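Student: Any chance you could fold what I've pasted below:
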Amino acid sequence: MFEKTKKWLTGNPDLAFAMLLACCVYGYFAITNEYFMTGRTTFAIMERFAVLGLVGLALTLCIIAGEIDLSIGSNAALAAVIVVRFTDSLGAPTALLIAVLISTSIGIIQGYFIAYLRIRAIVLTVGTLMLLRGVALFVAEEKTVMLTDFRIPDFITKYFYYFSPASILVILVFMLVGFFMSYTRYGREIYAIGGARKEALASGIDLKRPMIIVFAISGFCAGLGGVIIGLRSGTAQALG
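Tutor: Below you'll find the predicted structure:
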């Protein structure tokens, strides 16, 4: 197991450096601040990771594919507004599912236009950013929406050692995406179109499928992040 891990890290120097840097930063603060290496601090770090990690994952996948998604913030805000607005009437599972499906569908539509119409992602996603902000304002009726039943936020922030249900879910998402990118044909296609797009197209790789998959995952991550923010705080606003 150790030899396999060593070989894997050797083949991924950027990842190895990032992991080493993260360990050094954590170690520095743990040594210089006696209150840092505690269960509460670790829990707080994981709670921030639950949202920022999803944003980072979405952006990383787009960058790997040679594109960028600037609409993640507005997509997340829309998802947060939807889940908070409709949880009381439809129930949390249904509202969560609707919010994530809408965010993922938005990602699929963006990927479709980028791939089929050859629109630059930075141009399209800036437009989508502004459009989704307006849609979120409409759904929220230009005000802050709030839950009336706060049992759900209490559950979302419940302690499981150093983790909460939200951070555990995000860790599972990371593992699934990592497996998808490393061990499936579609993941390798995403690497191919980002590393050498002309060569990948010349070798027979279709640009449409990997581009739609990338932006679908980006939309899913944005929606899930927005849902976590909304349910964890019990409030949401379109301009948040």
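Student: immediately after the helix or strand of the chain with the lowest mean pLDDT, which helix or strand?
Tutor: Lowest by mean pLDDT, DSSP states H and E among the helices and strands of the chain is helix 2-11, with a mean of 55. The helix or strand immediately downstream of helix 2-11 is helix 13-32, counting by DSSP states H and E.
Student: Format the CA atom coordinates belonging to that next one as PDB.
Tutor: Provided in PDB are the C-alpha atoms of helix 13-32 (Å, rounded to 0.1, in the frame of the first residue of the first chain):
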ATOM      1  CA  PRO A  13       3.800  16.200  -8.300                       C
ATOM      2  CA  ASP A  14       1.400  19.100  -8.200                       C
ATOM      3  CA  LEU A  15      -1.000  17.200  -5.900                       C
ATOM      4  CA  ALA A  16       1.900  16.000  -3.700                       C
ATOM      5  CA  PHE A  17       3.100  19.600  -3.400                       C
ATOM      6  CA  ALA A  18      -0.500  20.900  -2.500                       C
ATOM      7  CA  MET A  19      -0.800  18.200   0.200                       C
ATOM      8  CA  LEU A  20       2.600  19.000   1.600                       C
ATOM      9  CA  LEU A  21       1.800  22.700   1.700                       C
ATOM     10  CA  ALA A  22      -1.600  22.100   3.400                       C
ATOM     11  CA  CYS A  23       0.200  19.900   6.000                       C
ATOM     12  CA  CYS A  24       2.800  22.600   6.600                       C
ATOM     13  CA  VAL A  25       0.200  25.300   7.100                       C
ATOM     14  CA  TYR A  26      -1.800  23.200   9.500                       C
ATOM     15  CA  GLY A  27       1.300  22.200  11.400                       C
ATOM     16  CA  TYR A  28       2.500  25.800  11.700                       C
ATOM     17  CA  PHE A  29      -0.700  27.100  13.200                       C
ATOM     18  CA  ALA A  30      -1.000  24.000  15.400                       C
ATOM     19  CA  ILE A  31       2.500  24.700  16.800                       C
ATOM     20  CA  THR A  32       2.100  28.500  17.200                       C
END
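Student: other SSEs contacting it?
Tutor: Helices and strands touching helix 13-32, as assessed by 3 or more CB pairs under 8 Å, 6 or more residues apart in numbering; DSSP states H and E, comprise helix 2-11. From N, CA and C alone the C-beta is placed, and that goes for glycine too.
Student: redo that, cut-off 10 Å
Tutor: Using 3 or more CB pairs under 10 Å, 6 or more residues apart in numbering; DSSP states H and E, the elements in contact with helix 13-32 are helix 2-11, helix 39-64.
Student: could you redo those as JSON lines and give each row distance to residue 237 and mean neighbour count?
Tutor: As requested, the helices and strands packed on helix 13-32 are arranged in JSON lines below (distance: least, CB to CB, whole Å; neighbours: other CB atoms under 10 Å):
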{"stretch": "helix 2-11", "distance to residue 237": "42", "mean neighbour count": "10"}
{"stretch": "helix 39-64", "distance to residue 237": "16", "mean neighbour count": "17"}
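Student: Need those in JSON lines (columns: distance to residue 127).
Tutor: JSON lines is the format used below for those (distance: least, CB to CB, whole Å):
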{"stretch": "helix 2-11", "distance to residue 127": "39"}
{"stretch": "helix 39-64", "distance to residue 127": "16"}
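Student: Alright, that wraps it up for me.
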